[in-house]
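Peer 1: Need a 3D model of the sequence below.
(chains A and B, ligands or ions: 3)
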Amino acid sequence: MSNKLNHSMSLAKPDALDISNKQKVALSAGVIGLFILALALFNTNFPNKAVFLTLSLGLIIGGIVVYSREAYLSKLEGIKNDGVWFKSISSRGVWGWIVGVILTTFYIVLYFFPKYLGLGVDGAENTGLISLFDPLSHLLSGRNASQWFVYGTLYTVAILAFGYKFILKYRHNRYQQLRTVSVMFFQLGFAFLIPEFMYVMNNDLPYYDLKSIWPLNYYIFDEWSVNGFLSNGNIGIALLIFGVLSIFVFTPILTYKYGKRWYCSWVCGCGGLAETAGDSFRQLSSKKMSAWKLERWLIHTVLVFSIVMTAAMVYSYLGYDKNDFWLTRGVFISLVIGFLTLVFAAVMLFKRHELGKDAKYGAIGFFIVIALLLIMHYTGTTDHLFYIKAGALRSAYGIYIGSIFSGVIGTGFYPILGNRSWCRFGCPMAAILGFQQRMFSKFRITTNGGQCISCGNCSNSCEMGIDVRHYAQKGENIVRSSCVGCGICSAVCPRGVLKLENDTMKGRINPTEILLGNDVDLMDLVNQK
Amino acid sequence: MEHIVIIGNGISGVTLARHIRKLSDKKITIVSVEADYFFSRTALMYVYMGHMKFEHTQPYENWFWKKNRIELKKGYVKQVETETKTLHFAEGDTLQYDKLIIATGSKPNKFGWPGQDLNGVMGMYHKQDLETLETHAPNKDVCKRAVIVGGGLIGIELAEMLNSRSIPVTFLVREDSFWNGVLPQGESEMINRHIKNHHIDLRLSTNLKAINSDENGNVKSVIIEETGEELECNVVGLTAGVTPNIDFIKDSGIEIGRGVKVNRFLETNIPDVYAIGDCAEQHEAIGNRRPIEAVWYTGRMMGEVLAQTICGNKMEYKPGHWFNSAKFLDIEYQTYGWVFGKNGRPDYEQHFHWKHEDDTKCITVAYDKNTNQFLGINTFGIRMRHEVFDKWLTEKRDVDYVMKNLSEANFEPEFYSRFENEILQAYTNQLQTA
Ligand SMILES: Cc1cc2nc3c(=O)[nH]c(=O)nc-3n(C[C@H](O)[C@H](O)[C@H](O)COP(=O)(O)OP(=O)(O)OC[C@H]3O[C@@H](n4cnc5c(N)ncnc54)[C@H](O)[C@@H]3O)c2cc1C
Ligand code: SF4
Ligand code: SF4
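Peer 2: Ligands and ions are numbered 1, 2, ... in the order given. Reported below is the predicted structural model:
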């Protein structure tokens, strides 16, 4: 009996090559699936595209499914992080860099040179990779595939297949399972299928992923989009109203009740990809104080930029004359400034003491936005804003949010910067939700009295680079604007210290120096100060 | 400026230093031989398992020390001269102090087994032990089998570590059930089964007799006391408890027993010399606690308290209700208040035990059978809230109250299955049949 050895543990070994035979087969299947895509990319003209597309995606999905079943189901339920820092792919080793370079190149081609993927320009037939996806696109919406359709399909496949893997990995953890099912559902339904069907029903409507909310959905208020909605009668107007309500009503309410996790970890597609396909890279996000400082500068700059750009975008197609339409440039600017001032005043009035030094930075940010808006208003001409052509300004903004950050750096750099670098450093939506979460939400991560042993598993696993241990070892709740509520810190904690929960606002932030379990007099003496 | 010198950069020494810095401007120096910066000893296992890198076990970034004006000195203190208030280092230099704190932690027990100093025999305490393990057990080809001697918290961590690299493990445990000196029988037996489910060769009621070497002085095999069986292996882990690491003060005049003897103010017999953490031994144990409390939390608490004393607000070490936690492979364990296993259980202590049918979750509630007062709880596989039990213990709640309100103490992640009803049902049934 002493030699009964559990061979299934082999994945945990430092040398990643030591995987079971079944896993080798699964891996090969996945590689063949990818190879078919590569052949298509290099213009192999497959005879029956539908068959080869099915084969390719089937092999990729099947490979991932079999591989993960073998990896997780053959072991007892529990934390499965053995060897993550030994494996080349998940520890910025050679494989990590190779995958990073491939992904980044793919994004650059996708955004800037779609013709290399085979996009037929000016009405020409698709070729290459994109043409391979034509049959699926025809099936769903009756039109030829575009590069975005290819991307959307692969994206959805990744979330579904790796989502399955994630569910198995955390099969002892219902929170992880449910939220993964949720992101899989929203990706497949809301981001992928429904927009296609909406196109079938009414092909004038702009592409609208209902769950994508401004400022993440940076084009919703662009002229073509708004015109698209407005020219489509009631349904268009309803969608536009839904978009506006999402920002000003639904989002704040949900964030107040559940924290920004309701979006970032349960609904959002970027978050969905990060949590599923990106799960193996979560430990790579930097926990250094310097990274946090950079994060705060970057994300808030992005936020300022988003607000100003969106205002500029809307502004650029509004008129001067209130007889044409009540919402003139002047009215619009006043509304925006009024709203921002209201928010700013409320925060300063009620939350000043919580902010400390940050209040100053908040104030600076606020005045910069107001100044920019005023400059825009007084220097802008009909088609020039900030002395730049309005159209150029708009597309520059789109390129920033849509491609450079969320795609190229956000996903391409998964194996280098961690799986949520976009969410952390660049996403304006995360900035707004985070602001709400920090100021006005019932959500927090509660720490369990004095139980922390400072082991660092929580910080290591935090994809947002939050040094969770810093708070836990002081017995202090974690209330951070960047926390997306993925719950992994809580899952990996070996001492049961962390619990994500929604409770009252009171006592949410509880800085402590002496932890529970020590002399009560000492706790009183030091903590009451 | 008063110079505070702390020997040992573990949790107790570092907590003390941090709190002194918060309260004062004194000059602080921390001396340690083990590592340049404070790291979490409890996380060593995760480095070997590849969950983390060593740097991730350091709770503070390297700039922290300078910023807080805490000086770090690397070196081994070989002698303390209390009359002149001087430390002598093995490297030859010296250091003067005004107040000295001994926070040197523990070292693994060795019971004089033949062969205990061979290559490949190691404890699992210091960073160096981890490095030794990495050398002798990098994978299952170099280390064909490892034998672990001593069934406690560190032993099972070592077993988990080796298991993560598919190295076959034989686990020799002196007791007839895992850690049953501390754990009540039902829990201990559940853990036995869990260990075996991980394909670890658990040998209960089994002692080590000797360790044999090959021609190069490396471990070749171990001999088992009871059966005389010879087990081939390349690594032997000695994890049969720890003792205070205080050999270097033997001739200093500082009073020692097993550890550095201290009073409730954590003062030794020599003025201006204190001891905290694993190496401190109370003259008289506090409540049900042991005179030497070799756990993370108590080291931290002593650091928190002593900082007050050193900064002029003399304070007794008066810990609150006992708590602790650990993890046995995949099963988390927490304890609040007192629940005794085989050792030292008072006759008035009665237990209620509930175990889930999946054999990975259970709780044991201890209460006074005369007064019904709630004494403590052990919980396996279910997270519970420290704050709530701490409050109930202070309020001296009776066991019925605790059982009825157990859901208030639940600390499980959202959407987890809850067992309070099932537990309460079992509890009521037991009362009816009893
Ligand atoms: C593997 C492992 C897992 C553990 N898990 C848990 C757990 O889950 N929960 C829990 O409560 N406890 C746990 N413990 C126990 C806990 O880690 C200890 O109680 C705690 O670290 C003791 O802290 P300390 O500050 O007293 O001493 P230490 O952390 O031991 O620090 C003492 C330092 O002093 C240095 N030193 C010693 N002598 C000298 C000298 N002469 N000169 C210079 N430097 C010297 C040592 O090198 C060492 O760095 C665990 C221990 C181990 C080994
Ligand atoms: S909260 Fe948990 S995971 Fe984080 S350092 Fe503390 S014990 Fe470790
Ligand atoms: S703090 Fe925890 S829940 Fe929040 S993002 Fe980090 S790991 Fe996820």
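
Peer 1: rest of the way, CA atoms for contacts and neighbours
Peer 2: Will do.

Peer 1: Sketch out the low-pLDDT regions of the stretch 351-500 of chain A for me.
Peer 2: A:398-406 (pLDDT under 70).

Peer 1: Over to chain B?
Peer 2: B:433-434.

Peer 1: Any residues of it in contact with ligand 1? List them.
Peer 2: Residues of chain B lying near ligand 1 by CA under 6 Å from any ligand atom: B:7-13, B:31-34, B:41-42, B:75-78, B:103-106, B:124-125, B:154, B:245, B:248, B:277-278, B:294-297, B:299, B:326.

Peer 1: List only those of the residues you listed flagged as buried.
Peer 2: B:7-13, B:31-32, B:34, B:41-42, B:75-77, B:103-106, B:124-125, B:154, B:245, B:277-278, B:294-297, B:299, B:326 (16 or more other CA atoms under 10 Å in any protein chain shown).

Peer 1: The residues of chain B next to ligand 1 in strands, which ones?
Peer 2: B:I7, B:V31, B:S32, B:V77, B:K78, B:S106, B:A326 (DSSP state E).

Peer 1: care to break chain A down by domain?
Peer 2: A:1-75+A:113-201, A:441-527 (automatic domain parsing).

Peer 1: Tell me which of the ones you listed approaches B:R418 most closely.
Peer 2: domain A:1-75+A:113-201 (11.8 Å; CA to CA).

Peer 1: Are that closest one and ligand 3 in contact anywhere?
Peer 2: No: with CA under 6 Å from any ligand atom as the criterion, ligand 3 is not reached by domain A:1-75+A:113-201; the gap is at least 10.8 Å.

Peer 1: anything in stretch B:292-299 near ligand 2?
Peer 2: No: residues of stretch B:292-299 are not located near ligand 2 by CA under 6 Å from any ligand atom, the shortest gap being 10.9 Å.

Peer 1: For chain A, tell me whether that stretch is touching it.
Peer 2: Yes: using CA under 8 Å from any CA of the partner chain, stretch B:292-299 reaches chain A at B:W296, B:Y297.

Peer 1: For that stretch, give me every contacting residue.
Peer 2: Contacting residues not belonging to stretch B:292-299 are listed as A:450-451, A:453, B:11-12, B:106, B:259, B:276-282, B:285, B:319, B:324 [CA atoms under 8 Å, 6 or more residues apart in numbering or on different chains].

Peer 1: Check the gap between the residue in chain A that chain B sits nearest to and A:I241 for me.
Peer 2: Nearest to chain B, among the residues of chain A, is A:G83, at 4.0 Å (CA to the nearest CA). Distance of A:G83 to A:I241, computed by CA to CA, to the nearest Å: 49 Å.

Peer 1: I'd guess B:Y336 is in a helix, am I close?
Peer 2: No: counting by DSSP: H, G, I helix; E, B strand; the rest coil, B:Y336 is not part of a helix but strand.

Peer 1: Please name the bridge partners of it.
Peer 2: For B:Y336, the beta-bridge partners are B:F323, B:I377 (DSSP bridges).

Peer 1: Okay, and which of the buried ones among the residues of chain B next to ligand 1 map to helices?
Peer 2: If you go by DSSP state H, these have B:I11, B:S12, B:G13, B:I154, B:W296, B:Y297, B:G299 in helices.

Peer 1: right, and the fourth one touches B:T239 too?
Peer 2: It stands for B:I154. Yes: assessed by CA atoms under 8 Å, B:I154 is found in contact with B:T239 at 6.1 Å.

Peer 1: which neighbours do the two share?
Peer 2: Listed as contacting both B:I154 and B:T239 by CA under 8 Å, 6+ apart are B:M124.

Peer 1: Look at A:I509 and report its pLDDT.
Peer 2: A:I509 carries a pLDDT score of 85 in this model.

Peer 1: What number of residues are in the vicinity of it?
Peer 2: Residues lying near A:I509 (other CA atoms under 10 Å in any protein chain shown) number 16.

Peer 1: dump the residue contacts of the residue lying closest to A:G259 once chain neighbours are set aside.
Peer 2: Residue nearest to A:G259 in three dimensions, not counting chain neighbours: A:F443, with 4.9 Å by CA to CA, 6 or more residues apart in numbering or on different chains. Taking CA under 8 Å, 6+ apart as the criterion, A:F443 is in contact with A:Y256, A:K257, A:Y258, A:G259, A:Q437, A:V479, A:L500, A:E501, A:N502, A:D503.

Peer 1: and with 6 Å instead?
Peer 2: Counting by CA atoms under 6 Å, 6 or more residues apart in numbering or on different chains, A:F443 touches A:Y258, A:G259, A:E501, A:N502.

Peer 1: any idea which helix or strand comes after whichever helix or strand the third one is part of?
Peer 2: For A:E501, the element it lies in under DSSP states H and E is strand A:498-502. Scanning the chain past strand A:498-502 towards its C-terminal end, the next helix or strand to appear is helix A:520-527 (assignment: DSSP H and E).

Peer 1: which residues touch that following helix?
Peer 2: A:T512, A:I514.

Peer 1: and with 10 Å instead?
Peer 2: By CA atoms under 10 Å, 6 or more residues apart in numbering or on different chains, the residues outside helix A:520-527 that reach it are A:510-517, A:519, A:528, B:304-305, B:308, B:315-321.

Peer 1: Pull the residues that contact the lowest-mean-pLDDT helix or strand in chain A.
Peer 2: Ranked by mean pLDDT, DSSP states H and E, the weakest helix or strand in chain A is helix A:390-398, scoring a mean of 72. Where contact means CA under 10 Å, 6+ apart, the residues beyond helix A:390-398 that reach it are A:217-219, A:222-223, A:305-306, A:309-310, A:312-317, A:380-387, A:400, A:402-404.

Peer 1: Distance from the chain centre to it, please.
Peer 2: Distance, stretch centre to chain centre, for helix A:390-398: 23 Å (CA atoms, centre = their mean, to the nearest Å).

Peer 1: Also stretch A:407-414?
Peer 2: With CA atoms, centre = their mean as the basis, stretch A:407-414 stands 11 Å off its chain's centre.

Peer 1: Look at that stretch and report the distance between its end residues.
Peer 2: OK, stretch A:407-414 end separation, CA to CA: 10 Å.

Peer 1: Among the domains of chain A, which one carries the weakest average confidence?
Peer 2: domain A:1-75+A:113-201 (a mean of 87).

Peer 1: re earlier: between the contacts of A:F443, which has the most around it?
Peer 2: A:G259 (31 neighbours).

Peer 1: Surely that residue touches A:I432?
Peer 2: No: using CA atoms under 10 Å, A:G259 is not in contact with A:I432; the gap is 11.7 Å.

Peer 1: any shared contact partners between these two?
Peer 2: Joint contacts of A:G259 and A:I432 (CA under 10 Å, 6+ apart) are A:T251, A:P252, A:R438, A:S481.

Peer 1: Give me the neighbour count for the one residue in chain B that gets nearest to chain A.
Peer 2: As assessed by CA to the nearest CA, chain A sits closest to B:G50 within chain B, at 4.0 Å. Burial of B:G50 is recorded as 22 neighbouring residues (other CA under 10 Å).

Peer 1: how much space between it and ligand 2?
Peer 2: Counting by CA to the nearest ligand atom, to the nearest Å, the gap from B:G50 to ligand 2 is 15 Å.
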